[in-house]
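**Student:** whatever this is, show me its structure:
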Amino acid sequence: MSPEPTDEPRRTRVTSPRSAAGRSRRVNVPSEIDAQTRIGEIYMTSLLRAQLRLALLVIGALVVLVAGLPLYFLAFPALNDVVVLGMPLAWVLLGFAVYPLLVVVAWIYVRAAERNERDFADVVERS
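**Tutor:** As a prediction, the model looks like this:
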């Protein structure tokens with residue numbers, strides 16, 4: 001026996017015309033940055049925050065080290081009597097020893113800033 005025909009309509013599948021389109025869109029970060037879109041702004045903000053954090057860290061270290069020297073001599077007055085090369089130790093440290101320290105800190109800062117930029121470029125190339 002064959003099944004009896006019914007008056008129920010056949011099921012119809014309804015799809016969007018975009019269903020054949022790709023499911024995800026790959027973001028081209030360099031063009032997003034160049035076009036100054038929201039995504040590009042987020043990427044640039046992350047780089048600027050990393051650089052700002054590094055700069056504040058370096059400034060904080062310099063303030064503690066260089067501005068802290070006079071405070072250190074105030075805390076330990078016996079160091080005021082120490083003479084090096086015919087000058088008080090405080091003068092030698094503040095007048096001469098600070099500059100090599102500044103060069104080393106600047107060198108470290110430049111390397112870290114370049115590393116931040118390299119990491120940013122790697123993220124941009126991967127996306």
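
**Student:** can you pull up the most central residue in the protein?
**Tutor:** Residue closest to the average C-alpha location in the chain (Cα atoms, centre = their mean): Ala50, at 1.9 Å.

**Student:** show me where this structure has helices.
**Tutor:** 29-34, 38-62, 68-75, 89-92, 98-126 (DSSP state H).

**Student:** now these in TSV, with mean pLDDT and distance to Pro9?
**Tutor:** Placement of C-beta: from N, CA and C, glycine included. Converted to TSV, the helices of the chain look like this (pLDDT from 0 to 100; distance: least, Cβ to Cβ, whole Å):
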stretch	mean pLDDT	distance to Pro9
helix 29-34	67	48
helix 38-62	90	46
helix 68-75	87	85
helix 89-92	86	97
helix 98-126	91	51
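
**Student:** using TSV, lay out these together with distance to Thr15.
**Tutor:** Conversion of these to TSV gives the following (distance: least, Cβ to Cβ, whole Å):
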stretch	distance to Thr15
helix 29-34	30
helix 38-62	29
helix 68-75	70
helix 89-92	81
helix 98-126	34
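
**Student:** between those helices, which one is nearest to Val14?
**Tutor:** Among these, helix 38-62 comes nearest to Val14, with 32.8 Å by Cβ to Cβ.

**Student:** report the buried residues of the closest one.
**Tutor:** For helix 38-62, burial by neighbour count (16 or more other Cβ atoms under 10 Å) applies to 40, 43, 47, 50, 54, 58, 62.
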